[in-house]
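A.B. asks: make a model of this:
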Amino acid sequence: MTMKKEAKYIATVSLGVMGAGFLATLPVSSTVWGGFLQGGFEAGVVGGLADWFAVSALFRHPLGIPIPHTALLPKNREKITNALVSTVQNELLSKETIRARLQQIRFLEKGLELAEGHLDNASLHKGLSALATQALLAIDLEKLTPLLAEELRQALLDVDTGKLVRTLVDTVVEGGYDSKTFDFVLDKVESWAFKAETRDQLGAMALKAFEGLQSNGFMAFAVNAFIGMVNEEKIGGIIQNFLLSYIEQLRMKHHPRREAVLSFIRGELNKLERNPQLLAELEALKAKLPDMFELDAKLSGLLARIKEKALVFVEQPDFVPAHVVPVIRNVLATVKANEALLQRGESWVQDQIASYLEKNHSKIGQLVKENLDKFDNEKLTELMEDKVGKDLQWIRVNGAICGFIIGLGLAGIKMLF
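C.D. replies: Numbering: from 1, shown residues only. Below is the predicted model of the structure:
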């Protein structure tokens, strides 16, 4: 038997006892003690019935008779609902009450402690690994590749060609690559000039040049005499020695001839950033480079390889413990050690909660009202009776007992007078 039914049973028994006592004392009502007890039982019946009527009138019409001011709960349901909503929303759970309570809680600090306490949890590791895997699998390379390729193309086109040339020239000069390149050329020229066949070629070219001179008189005699005294090997050797000697001078650091050549080269290099023809050709080359290198195909293959390696990496058993957890732990430690940052974060969390509370506080009352409106009058009455019926039934018991006691008192007073 439930507590409510037990109380109702006791109330009914108490009323029955009063009624039975009243009936039992009727035959002896003329005697002193019979009249005294009858008065008590009579008042007990009246008190019990009156309180039964009052308790019943809260929830329904007693005996189904539509007596005025009965069935108070069904008739005043809207008033009761509004009063309950107002009480919950504006008194029990007012904005000020909730805000004051929330301000006592350090949400961010507790959240950090909670997160730190679960970092070594195997389930968390498994979940983070699965999350990383799913994130990688969700990457659509077919959509990502054209976007990245287009961004690379645009970035290449946005490069300032003049500034690029200036940077390259500065790099060449600062790194001494102009001097190194000049020495490389000198090495190649020296290698060529040192050969015997080069000597012979130079000699043959010189003789032909002399033979082709248009001269007369003494000059013609002198040229013919010179040609008669030398051959290709001799004149080639003279030229060869001259070239090798000149190359050796150009090799010597700080030699005026070397410095003059390098100064000329650097001057020409410095003019490149203002050379319109060169800049135009470089601009055209920039636009062609992506297609020349098959950028889309190369980028697609690169991204596919990176994704494949990343998937293998995150699926390793020690991925989360060795790589993810230490990072998270360091971040948490950094935040906890920075009191100013922690306070700003706490203030931000409190502001967000306060803002959410301000926007949604009215929904507390709406929620109460919506839940109450789900019940019809019969169900709501049953619910109320179930929650407070026990105490209300004890009112009936108390009414019968108090009526009995008062009845005894009144009967005693009546006998005295």
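A.B. asks: how far away is the closest residue to V320 other than its chain neighbours from V312?
C.D. replies: Spatially, and ignoring its direct neighbours in sequence, V320 is nearest to H125 (4.2 Å; Cβ to Cβ, 6 or more residues apart in numbering). (Each C-beta comes from the backbone N, C-alpha and C, glycine too.) The gap separating H125 from V312 is 17 Å, by Cβ to Cβ, to the nearest Å.
A.B. asks: I figured E346 was touching R106, is that so?
C.D. replies: Yes. With contacts counted by Cβ atoms under 8 Å, E346 reaches R106, the gap being 5.9 Å.
A.B. asks: residues making contact with the one helix or strand L243 maps to?
C.D. replies: Counting by DSSP states H and E, the secondary-structure element that holds L243 is helix 232-251. By Cβ atoms under 8 Å, 6 or more residues apart in numbering, the surrounding residues in contact with helix 232-251 are 182-183, 186, 189-190, 193-194, 198-204, 206-207, 255, 257-258, 261.
A.B. asks: in it, what's buried?
C.D. replies: Neighbour-count burial for helix 232-251 flags E232, I235, G236, G237, I239, Q240, L243, I247, L250 (criterion: 16 or more other Cβ atoms under 10 Å).
A.B. asks: how many other residues sit next to G203?
C.D. replies: A count of nearby residues for G203, using other Cβ atoms under 10 Å, gives 21.
A.B. asks: apart from its neighbours in sequence, what residue is nearest it?
C.D. replies: Excluding the flanking residues, the one nearest G203 by Cβ to Cβ, 6+ apart is G236, at 2.6 Å.
A.B. asks: distance of that neighbour from R99?
C.D. replies: Using Cβ to Cβ, G236 is found at 104 Å from R99.
A.B. asks: now do N241
C.D. replies: Taken as Cβ to Cβ, the span from N241 to R99 is 100 Å.
A.B. asks: and if you look at L108?
C.D. replies: 17 Å.
A.B. asks: more crowded one of the two?
C.D. replies: Between L108 and R99, L108 has the larger neighbour count (other Cβ under 10 Å), namely 20 against 15.
A.B. asks: OK, contacts around the more buried one?
C.D. replies: Applying Cβ under 8 Å, 6+ apart, the residues contacting L108 are L342, G345, E346, V349.
A.B. asks: next: V335.
C.D. replies: V335 makes contact with L112, L341, L342, G345, according to Cβ under 8 Å, 6+ apart.
A.B. asks: just the buried residues of these.
C.D. replies: For those, a neighbour count by 16+ other Cβ under 10 Å gives the buried set as L112, L342, G345.
A.B. asks: what helix or strand is the second one located in?
C.D. replies: The one in question is L342. Per DSSP H and E: L342 is located in helix 339-360.
A.B. asks: list the buried ones in that helix?
C.D. replies: By 16+ other Cβ under 10 Å, the buried positions in helix 339-360 come out as L342, G345, E346, V349, Q350, I353.
A.B. asks: tell me which of the residues you listed is nearest to E308?
C.D. replies: Distance to E308, by Cβ to Cβ, is smallest for G345 among the buried residues of helix 339-360, at 38.2 Å.
A.B. asks: OK, contacts around the closest one?
C.D. replies: Residues near G345 by Cβ under 8 Å, 6+ apart: L108, V335.
A.B. asks: distance of it from L119?
C.D. replies: Separation of G345 from L119 (Cβ to Cβ): 19 Å.
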